[in-house]
Structure formats: C-alpha cells, structure tokens
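# sequence and predicted model, in that order:
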Amino acid sequence: MENEIKKLLEDVKNGSISIDDALLRLKAQPFEDIGYAKVDFHRRARQGAAEIIYGESKTPEQIIGIINSMLKNNQKRILITRLSDEKAELIKKDFDLEYFSDAKIGIIGGFPEAENSKKIVIATGGTSDIPVAEEAALTASFLGNDVTRLYDVGVAGLHRLLSHFDEIMNAKVIIAIAGMEGALASVIGGLADCPVIAVPTSVGYGSSFEGLSALLSMLNSCASGVSVVNIDNGFGAGYLANMIVK
C-alpha cells in the first residue's frame with residue numbers, strides 16, 4: 001500500500017494539490033480523543049494500513065463511536081475483528097456492515113481490488129481451523145492482497161497438501177494454521193521457498209492445552225523461514241503477510 005505522505009508529495013509535484021493544501025493535511029490532528037479511545041488517523045501514513053478496531057471487550061456503543069470518528073475523518077473502509085454476532089447486529093442498525101460470523105469479522109466499505117499478483121496462500125490442518133484461517137484471509141484481502149485458501153490439508157493425509165504443490169511454490173507468503181501437534185507449518189516450511197507464518201490454534205484434545213502444544217511445536221520447527229504468531233491470531237498473521245508482500 002502506497003505511503004500516503006509520499007502520494008501527497010507526488011500530488012504537489014504534479015500540481016494536483018497546492019503546497020498550502022498539502023501543508024494543511026500534514027498539520028491535521030493525528031488523532032481524535034473521544035474519551036474512551038484516541039482514534040489514530042496517521043497510522044496509514046506511518047504503517048501503510050489504517051487503524052483496525054479490535055471488537056472484543058468493547059461495548060457496541062464504543063465501537064459505534066470509533067466508527068463514527070473514522071468515517072468523519074475520511075477513513076472509508078473499516079475492519080473490525082473479534083466482533084460477536086450480537087454486537088454486529090446492533091452495529092448494522094447504524095452502518096452498512098458486512099459480517100462474517102465464522103471469522104468474527106465486520107467490514108464497512110467493502111474490499112479493495114488486489115494491488116498486485118503476489119499470492120498469499122493460507123493453509124489449514126483441518127476444517128476446525130477454518131475460523132482462524134478466515135480471520136487471516138479476510139484481513140489480508142481487506143488490506144488489498146490476492147489470497148488462495150487451501151483448507152483441510154493437514155499431515156494426517158499428506159497427499160492432500162502435495163496435490164497443491166503448484167500453489168505452494170508460487171506463493172509469496174504462506175500462512176500455515178493448525179492445532180493438535182501443529183506439524184503443518186514445519187512440513188510447508190520444508191517445501192516452500194517463501195516465508196511461512198505459523199498460526200497455532202486452540203483446536204485439540206486435553207493435552208493440547210488450548211493450543212500451547214501447537215505453539216511450542218511451531219516455535220521449535222526445524223524448517224528455516226518459519227515464524228510464529230500467537231494462538232488463534234489469524235488477524236496478526238494476515239497483517240504480517242500483507243507487510244511482507246508489500
């Protein structure tokens with residue numbers, strides 16, 4: 001995603017905006033204090049992606065207030081993560097919200113077209129990992145990436161993964177999502193020539209310790225080029241994959 005300050009300077013150079021108008025934009029308040037939140041409007045300029053709302057533990061009223069602040073300050077597309085069904089229904093009364101219940105994600109303003117042809121591949125060990133995978137996939141798509149989903153390709157049936165060898169080898173980044181023993185990330189890491197982001201999930205029986213076993217397996221991967229995010233952190237994986245691609 002193009003840095004907004006660079007774009008502003010290019011607009012000054014080609015005459016599409018005056019120096020004074022550009023200066024006013026740069027002087028604009030970088031955040032708005034709405035009491036319970038300080039909404040950051042310069043994050044896109046600093047990091048290439050606008051602020052994203054973490055919905056868990058926020059009340060619907062707080063989320064609505066943050067959305068209003070963002071829209072008022074020309075943030076046209078908004079991503080809300082960890083959003084419950086009940087909160088989504090309340091927010092829909094005020095905004096045109098597209099809600100993805102499996103991933104617990106809400107989106108205002110839709111998805112952009114993919115900004116490049118570099119693929120982010122998202123693979124899961126099993127069907128039970130799909131909610132976390134969808135959080136990653138929707139985050140990466142919202143940030144302007146071309147995403148390929150490879151679901152239920154875990155090591156219990158390795159031929160399922162190998163049938164997608166072309167997609168694996170053509171990926172720019174791969175997000176490997178698995179619970180149980182978390183072996184999928186190491187297997188993919190041993191095949192792919194691109195960075196692999198491992199996401200442990202809390203899927204598994206008692207001794208999986210709600211994802212801790214998968215987390216430790218992924219941290220101890222013998223495959224080079226595998227990095228690990230926190231348990232069930234599909235959002236973090238999708239965001240990091242976007243930064244690698246861009």
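Thanks, I have it. Numbers count the residues shown, from 1 in each chain.
# now what about the lengthiest strand in the chain, what contacts it?
Ordering each strand of the chain by length in residues (DSSP state E) puts strand 171-178 first. Strand 171-178 has contacts (CB atoms under 8 Å, 6 or more residues apart in numbering) with 118-126, 129, 132-133, 136, 140, 148, 154, 168, 184-185, 188-189, 192, 194-201, 203, 214, 226, 234, 237-238, 241, 244-245. In this view, the C-beta of every residue, glycine as well, is placed from N, C-alpha and C.
# restricted to strands, list the residues you listed.
Using DSSP E, the contacts of strand 171-178 in strands are 119-124, 148, 196-200, 226.
# farthest pair in the residues you listed?
K119 and P200 (23.0 Å; CB to CB).
# mind checking which of the two has more residues around it?
Using other CB atoms under 10 Å, the more surrounded residue of K119 and P200 is P200, with 33 against 20.
# separation between that one and L219?
9 Å (CB to CB, to the nearest Å).
# what do these two both touch?
V228.
# which secondary structure element of this structure has the lowest mean pLDDT?
strand 31-33 (a mean of 67; mean pLDDT, DSSP states H and E).
# name the next helix or strand downstream of that strand, please.
Next helix or strand after strand 31-33 toward the C-terminus (DSSP states H and E): strand 38-40.
# list the buried ones in that following strand?
V39 (16 or more other CB atoms under 10 Å).
# just checking, what packs against it?
strand 31-33, helix 60-72 (3 or more CB pairs under 8 Å, 6 or more residues apart in numbering; DSSP states H and E).
# burial of the closest residue to P131 other than its chain neighbours, as a residue count?
Spatial nearest neighbour of P131, chain neighbours left out: D102 (4.8 Å); criterion: CB to CB, 6 or more residues apart in numbering. Using other CB under 10 Å as the criterion, D102 is surrounded by 12 other residues.
# do N233 as well
Quick note: N233 (other CB under 10 Å) scores 21 neighbours.
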